[in-house]
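Novice: Got a sequence here, can you model it:
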Amino acid sequence: MEIAIKKLVNEHFILWNEQDRSKRTLLIEALYADDVEFIDPFVAITGKDKINDFIDHLHKENPGFQFTTSNNPDQHHEVARLVWNFGPDDNKDLIKGEDVFVISKGLISKVYTFIDKMNSQG
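Specialist: You can find the predicted model right below:
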């Protein structure tokens with residue numbers, strides 16, 4: 001179970017870095033529960049399509065940015081967390097945060113995002 005949860009969490013970041021919506025849709029279907037919830041300091045959304053829309057918006061607002069992870073996911077029971085960075089190649093840790101995942105029936109059902117650091121690009 002531990003390996004499966006770590007794989008889900010790692011694939012979540014592959015999904016969030018994917019620019020192509022159709023490829024991302026396939027990943028979303030494989031990783032997320034139908035009623036998946038995503039909550040960060042700015043939005044609270046439910047559902048696969050709305051998350052896909054949000055990722056589209058994130059990529060349009062931040063061209064060239066990618067997520068990188070700072071460590072392996074920590075997990076216990078059906079909960080995992082992972083520290084991440086988000087930024088362009090020349091400033092990969094422009095934004096830092098942490099995601100907490102709730103896994104249910106082998107799929108990600110909830111993602112709680114905490115932003116630890118936000119710097120301006122200028």
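Novice: from here on, contacts and neighbour counts on C-alpha atoms
Specialist: Fine.
Novice: Where does pLDDT dip in the protein?
Specialist: By pLDDT under 70, the low-scoring segments of the chain are 1-3, 120-122.
Novice: Go again with 80.
Specialist: For the chain, applying pLDDT under 80 flags the ranges 1-3, 70-71, 118-122.
Novice: all strands for the protein, in order.
Specialist: For the chain, applying DSSP state E gives strands covering 32-39, 44-46, 66-69, 74-76, 79-87, 95-104, 107-118.
Novice: I'd like those strands laid out as CSV, including mean neighbour count.
Specialist: Formatted as CSV, the strands of the chain follow (neighbours: other Cα atoms under 10 Å):
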stretch, mean neighbour count
strand 32-39, 19
strand 44-46, 14
strand 66-69, 18
strand 74-76, 14
strand 79-87, 20
strand 95-104, 20
strand 107-118, 18
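Novice: now the ones you listed in TSV, with distance to residue 13?
Specialist: Listed next are the strands of the chain as TSV, based on distance: least, Cα to Cα, whole Å:
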stretch	distance to residue 13
strand 32-39	13
strand 44-46	18
strand 66-69	7
strand 74-76	15
strand 79-87	9
strand 95-104	10
strand 107-118	12
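Novice: Nearest approach to residue 8 belongs to which of those strands?
Specialist: Nearest of these to residue 8, taken as Cα to Cα: strand 107-118 at 7.4 Å.
Novice: Does the closest one pack against any helices or strands, and if so which?
Specialist: helix 21-31, strand 32-39, strand 95-104 (3 or more Cα pairs under 8 Å, 6 or more residues apart in numbering; DSSP states H and E).
Novice: Would you mind finding the longest helix in the chain?
Specialist: helix 2-17 (DSSP state H).
Novice: Which elements pack onto it?
Specialist: Checking 3+ Cα pairs under 8 Å, 6+ apart, helix 2-17 ends up next to helix 21-31, strand 66-69, strand 74-76, strand 79-87.
Novice: Now tabulate these in JSON lines and tack on distance to residue 59.
Specialist: Listed next are the helices and strands packed on helix 2-17 as JSON lines, based on distance: least, Cα to Cα, whole Å:
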{"stretch": "helix 21-31", "distance to residue 59": "11"}
{"stretch": "strand 66-69", "distance to residue 59": "9"}
{"stretch": "strand 74-76", "distance to residue 59": "27"}
{"stretch": "strand 79-87", "distance to residue 59": "11"}
